[in-house]
Structure formats: structure tokens, C-alpha cells
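**Student:** requesting a structural model of the entry that follows:
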Amino acid sequence: MAELTVWHDGACPLCRREIALMRRLDRRGAIRFIDAASDDASCPIDRAALLARFHAREDGRLLSGAAAFAAMWRAIPLLRPLGLAARNGYVLAGLERAYIAFLRARPMFQRLAQRFESRGV
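**Tutor:** Reported below is the predicted structural model:
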């Protein structure tokens, strides 16, 4: 049984690549990945809000943004040290600022990922 639930945007080529990597790293099967873009996905909040930011549920708490990424990293042994470091408020605040900057650039990265995907890369 998965200990952590992660919602992702399966319609986003960038997100698909990242989640594919996380699935490979999650050798213990500790994460339950849910494609929030799927019509039959169980969403704990409004689907649009869920797709706008990365979300995870850890120990019954719904997390978003950098906190959700940190929870996912803690569930993967290779990334666990980074996830544990993010428990420090200053580290998490820095990661959240970086995540917000990424969200502004996300459309550009999505277009690039789409180009790579269409070329079979």
C-alpha cells in the first residue's frame, strides 16, 4: 500500500517525464501516483487548482508546491536527504521561491518538452 499520494498533470509532457523518473526511483512502491488530468481521477480539491500546482498527501495532510515535492523526495531513498533538508523552514522557503519561479517559466518548458516528445527524444 502506498504511503504517499501524488497528483500530477498527465496531459503535460514535462510532468509525464518527471513522474516517469519518479516512478523508476520509487522502487519500494511507496508512492501512489494519480493523473489529475484523467476524467476518472479522485481529486481532493478543485481539479483546476490541483493541476495549477503540484500536490501530495502525506500523513493525511494535503501539501502543495515545494512541500509536496519534498514529501515525494522523502519517500524515495535516493532523494530522501533532500526531502529531509526541506523540513527546515528556510530551505523549504527557498525551494518554494524556486518553484514559483519555475511555474512562471513552466509554459516555455512544456513547449520544449512537447517538441522533444514529438521527435521521440
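
**Student:** can you get me a residue count around the closest residue to residue 109 other than its chain neighbours?
**Tutor:** Of all residues not flanking residue 109 in the chain, residue 14 sits nearest, at 5.2 Å (CB to CB, 6 or more residues apart in numbering). Any C-beta I mention is one placed from the backbone N, CA and C, and that applies to glycine too. By other CB atoms under 10 Å, 19 other residues sit near residue 14.

**Student:** residue 26 contacts residue 76, correct?
**Tutor:** Yes - between residue 26 and residue 76 a contact is recorded at 5.5 Å, counting by CB atoms under 8 Å.

**Student:** hang on, the residue nearest to residue 109 in a strand?
**Tutor:** No - looking at residue 14 with DSSP: H, G, I helix; E, B strand; the rest coil, it is helix, so not inside a strand.

**Student:** so it makes contact with residue 108?
**Tutor:** No - using CB under 8 Å as the test, residue 14 is too far from residue 108 to be in contact (10.0 Å).

**Student:** give me the buried positions along the worst-scoring helix or strand of the chain on mean pLDDT.
**Tutor:** Ranked by mean pLDDT, DSSP states H and E, the weakest helix or strand in the chain is helix 47-52, scoring a mean of 88. Of the residues in helix 47-52, 50-51 count as buried by neighbour count, 16 or more other CB atoms under 10 Å.

**Student:** what packs against whichever helix or strand comes after that helix?
**Tutor:** Counting by DSSP states H and E, the next helix or strand C-terminal to helix 47-52 is strand 55-58. For strand 55-58, the elements it packs on are strand 4-8, strand 61-64, helix 66-75, judged by 3 or more CB pairs under 8 Å, 6 or more residues apart in numbering; DSSP states H and E.

**Student:** no further queries at this time; thank you.
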